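[1] let me see the structure of the following:
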Amino acid sequence: MATADPINKPQLDRLSSLKSFSSVGSDILATATTANCEIALLPLKLLIELQSKYLTLEDDVLTSHNKEGGFNLFSDGLALIEDRQCRIINYIQRKVTLRSHADYKDYRETLLSKPMLFITNAKKVNGASTSARTFAIIINTRHPQIRARVEGHMNDVISSVMGENYQLQFMLGSNVKEYLQRQSFELTEDNLSFSYTFKLDVLLDLFFLIGWSKKNCDLQGKVLNLHCTNANRKEKVRSFLSKMTTPLIRLGSSLDHDRRPSVFSLDVITEDPFPPEDDFNDSAPVLSEDS
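    Just a heads-up that it's a prediction; the model follows:
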């Protein structure tokens with residue numbers, strides 16, 4: 001879905017295919033399909049450096065290349081990147097309206113087909129510089145726990161609302177905000193969320209109009225800090241990220257029925273990008289002192 005336009009309904013094409021650092025083993029399982037990471041955080045410029053196949057930044061234009069692998073980049077079309085206003089090419093609107101069951105099925109499959117990528121800014125509290133730094137937040141939808149939470153919320157809203165129309169908003173900011181606060185950073189933007197509205201052409205849906213069919217949910221997960229500076233660690237993070245972004249081998253569709261759970265391989269590679277002997281913990285810096 002590489003297009004200069006935002007990916008929105010009815011523009012969504014039918015898809016043919018779709019720490020806290022843990023001290024765990026570094027053996028790669030041949031049958032595994034994703035990295036053992038729920039939410040990853042790192043500077044955007046580092047992500048672009050390590051994933052240049054999928055992300056490019058040229059002349060204030062950030063392009064997501066995700067036809068084969070890569071990320072689902074959620075945006076409103078513009079992003080402030082290191083104090084530069086940049087245009088985004090090939091993204092999914094953070095707020096979409098779905099007007100048919102086919103739209104809903106495409107949207108749901110799109111959400112779960114690739115890791116979600118969000119771009120946000122944060123500044124150092126009481127720091128010498130007033131400039132905000134740009135971070136990439138990755139939601140690994142291939143991780144079984146994250147995947148189950150996304151699907152669970154989407155299923156629950158269908159069964160819990162009254163009327164034909166409803167809205168579901170996923171909020172991702174609480175985990176990231178708390179993590180950054182522990183390192184004296186504060187978010188300067190409120191853009192770590194996305195939502196969809198399922199809206200059929202009905203004459204009057206009173207429950208939706210008065211807000212009873214509008215639901216919010218927090219998408220919780222462990223935050224993994226992938227910031228690194230030396231070449232050896234960068235190569236480990238590059239390999240780690242590739243396990244999230246490589247094309248997914250599709251075993252079946254999760255969308256033969258609105259509420260049917262997905263049938264994808266959910267094996268997890270029990271590998272940490274940094275070995276256990278590295279002294280990393282919950283307060284590991286998200287930026288270098290001289291960044």
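[2] rest of the way, CA atoms for contacts and neighbours
    Fine.
[3] is it correct that Leu57 is in contact with His65?
    No: when contacts are counted by CA atoms under 8 Å, Leu57 is not listed as touching His65 (11.3 Å).
[4] neighbour-wise, which of these two wins?
    The neighbour count for Leu57 versus His65, taken as other CA atoms under 10 Å, is higher for His65 (22 against 17).
[5] for the more buried one, list the residues it contacts.
    Contact analysis of His65 by CA atoms under 8 Å, 6 or more residues apart in numbering lists Ala2, Lys53, Tyr54, Leu55, Phe71, Asn90.
[6] lowest-confidence one in those?
    Lowest pLDDT among the contacts of His65: Ala2, with 42.
[7] of the contacts of His65, buried ones?
    If you count burial by 16 or more other CA atoms under 10 Å, the buried members of the contacts of His65 come out as Tyr54, Leu55, Phe71, Asn90.
[8] doesn't Phe118 make contact with the third one?
    No: taking CA under 8 Å as the definition, Phe71 is not a contact partner of Phe118, at 9.7 Å.
[9] avg pLDDT for the host helix or strand of Phe118?
    According to DSSP states H and E, Phe118 maps onto strand 116-124. For strand 116-124, mean pLDDT is 96.
[10] go on, stretch 199-218?
    78.
[11] and stretch 95-109, which residues are buried?
    Neighbour-count burial for stretch 95-109 flags Lys95, Val96, Thr97, Leu98, Arg99, Asp103, Tyr104, Lys105, Asp106, Tyr107, Arg108, Glu109 (criterion: 16+ other CA under 10 Å).
[12] report the distance from it to the chain centre.
    18 Å (CA atoms, centre = their mean, to the nearest Å).
[13] for it, measure first residue to last.
    16 Å (CA to CA, to the nearest Å).
[14] then stretch 218-230?
    With CA to CA, one end of stretch 218-230 sits 35 Å from the other.
[15] report the buried residues of it.
    Quick answer for stretch 218-230 (16+ other CA under 10 Å): Asp218, Leu219, Gln220, Gly221, Lys222, Val223, Leu224, Asn225, Leu226, His227, Cys228.
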